[in-house]
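1. Give me coordinates for this.
(chains A, B and C)
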Amino acid sequence: MPELPEVEIVRQSLDKKIRGQIIKKVIVKNRNLRLKVPRNFEKNFKNQKIVKVDRFSKYLILYISNKTICIVHLGMSGTIHILENKNKNLITNTSFYHSLILPKKHNHIEIIFENFKIIYNDPRRFGFFEIIKNRQYLKKKFYKLGPEPLSSKFSTIYIYSFLNGKQKNIKNFLLDQNFVSGIGNIYASEILYLCKIKPEKMAKYLSKKDCQKISINSKKVLLRAIRKGGSSIKNFKNTSGKRGSFQNEFKVYQREGSNCKRKKCNGIIYRKTISNRSSFFCNLCQK
DNA sequence: AAGAGGCCCTGATAGC
DNA sequence: TGCTATCAGGGCCTCT
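-> Sure, this is the predicted structure:
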């Protein structure tokens, strides 16, 4: 569910809240996430300090004082909530993913600190928590993934040479984490709109200029989304104004049947299923 | 090797 | 009201 900007917003608020804090206890209520939560998971955290909350692509990386690393992936429906001790009903709303009311079901993991606890909620259970004992393994795990779209490695040359001769549409490539890591279904559509490239265009037909547009617009869209606090699609009940607002700026995503936002374009936004995922695009200005 | 498709899971919504 | 079908922001595995 969350793409790079949303995970980054969670990272920022989580780091602010738990960096330097000591974990009193961990409770796992359901181990059946996408990866089975291991038996020694709780023990690994007890009385340890959170050194830092980092991120690569859509993965959160928790550095623990005992030199282990906890990787968290939110999957499609994972959310993190912060529950303060003083007032059992108060949930700190530090990012768009935090609702003021804790969901009743699917609260799978609790990490308890002295004055508050963080709760991992995930109805679909596509997310996971993984403990990593050495950094070499972490490197190995991320090594096979493509560069982040925000990094300088995601350059015109990289894109052009990677896609050279590839018999697959560009939309699929933007979702392919081995090509570029962190873009998901919403931002893939938004990026291609800004590039004026239709999602079904075969990668091998992209010019260098197209690749340059992809490099530039990926950064542009994602950075703006981060500044706007990410995109909040689900309407949480009783959330404060701290939800993300990038959904208000979508040019194509979920705008099927609406007019193209480009001033001189009379196009209509279409939705088409490509490889089992929805793609949104303007029928006129994206070629 | 590259590319297509199925699958993991629950919940919200639309249509009959 | 209650059924069924479809869709949802991800990523892995298998088959060709």
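
2. Show me where the stretch 1-150 of chain A dips below the pLDDT cut-off.
-> For the stretch 1-150 of chain A, the stretches with pLDDT under 70 are A:1, A:86-100.

3. can you give me the strands in it?
-> For the stretch 1-150 of chain A, the strands defined by DSSP state E, counting those that start in this stretch cover A:25-28, A:50-56, A:59-64, A:69-73, A:79-84, A:91-92, A:107-112, A:116-121, A:128-132.

4. Can you tell me what sits against the third one?
-> Surrounding strand A:59-64, the residues in contact under the criterion Cβ atoms under 8 Å, 6 or more residues apart in numbering are A:7, A:10-11, A:14, A:44-45, A:48-55, A:69-74, A:138, A:142. From N, CA and C alone the C-beta is placed, and that goes for glycine too.

5. pull the CA atoms of that strand into PDB?
-> The C-alpha trace of strand A:59-64 is given here as PDB (Å, rounded to 0.1, in the frame of the first residue of the first chain):
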ATOM      1  CA  TYR A  59      11.400  -0.900   3.800                       C
ATOM      2  CA  LEU A  60      11.800   0.600   7.200                       C
ATOM      3  CA  ILE A  61      15.100  -0.300   8.900                       C
ATOM      4  CA  LEU A  62      15.300  -0.200  12.700                       C
ATOM      5  CA  TYR A  63      18.800  -0.200  14.100                       C
ATOM      6  CA  ILE A  64      18.800  -1.900  17.600                       C
END
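
6. Return the distance of it from the chain's centre.
-> Distance of strand A:59-64 from the chain centroid (Cα atoms, centre = their mean, to the nearest Å) equals 14 Å.

7. Give the pairing partners of it; include direction for each.
-> With DSSP bridges as the test, strand A:59-64 is paired with strand A:50-56 (antiparallel), strand A:69-73 (antiparallel).

8. Point out the most buried one among these.
-> strand A:69-73 (a mean of 20; mean count of other Cβ atoms under 10 Å).

9. what's the angle from it to strand A:107-112?
-> Per axes from the mean of the first three to the mean of the last three Cα atoms, to 10 degrees, the angle that strand A:69-73 makes with strand A:107-112 is 150 degrees.

10. which stretch among the strands of the stretch 1-150 of chain A comes nearest residue A:216?
-> Closest to residue A:216 of the strands of the stretch 1-150 of chain A, according to Cβ to Cβ: strand A:50-56, at 21.9 Å.

11. Now do the buried residues in stretch A:159-174.
-> A:159, A:160, A:162, A:163, A:166, A:169, A:170, A:171, A:172, A:173, A:174 (16 or more other Cβ atoms under 10 Å).

12. separation between the fourth one and residue A:224?
-> Pointing back at residue A:163 there. Distance, residue A:163 to residue A:224, using Cβ to Cβ, to the nearest Å: 24 Å.

13. Name the surrounding residues that touch stretch A:266-273.
-> With Cβ under 8 Å, 6+ apart, stretch A:266-273 has contacts from A:199-200, A:252, A:255-260, A:278-285.

14. before we move on, which element is the closest residue to residue A:171 other than its chain neighbours in?
-> Distances taken as Cβ to Cβ, 6 or more residues apart in numbering put residue A:199 closest to residue A:171, at 3.5 Å, once the chain neighbours are dropped. Remark: residue A:199 resides in no helix or strand, with elements defined by DSSP states H and E.

15. Check whether residue A:199 really touches residue A:173, as I assumed.
-> No: Residue A:199 sits out of contact with residue A:173 when judged by Cβ atoms under 8 Å, with a separation of 10.2 Å.

16. Can you pull the residues of chain A lying near DNA strand C?
-> Within chain A, the positions near DNA strand C by Cβ under 7 Å from any atom of the strand are A:1-3, A:6, A:34, A:57-58, A:73, A:75-76, A:124, A:126, A:175, A:177, A:184-186, A:230-234, A:271, A:273, A:276-278.

17. Good, we can wrap up now.
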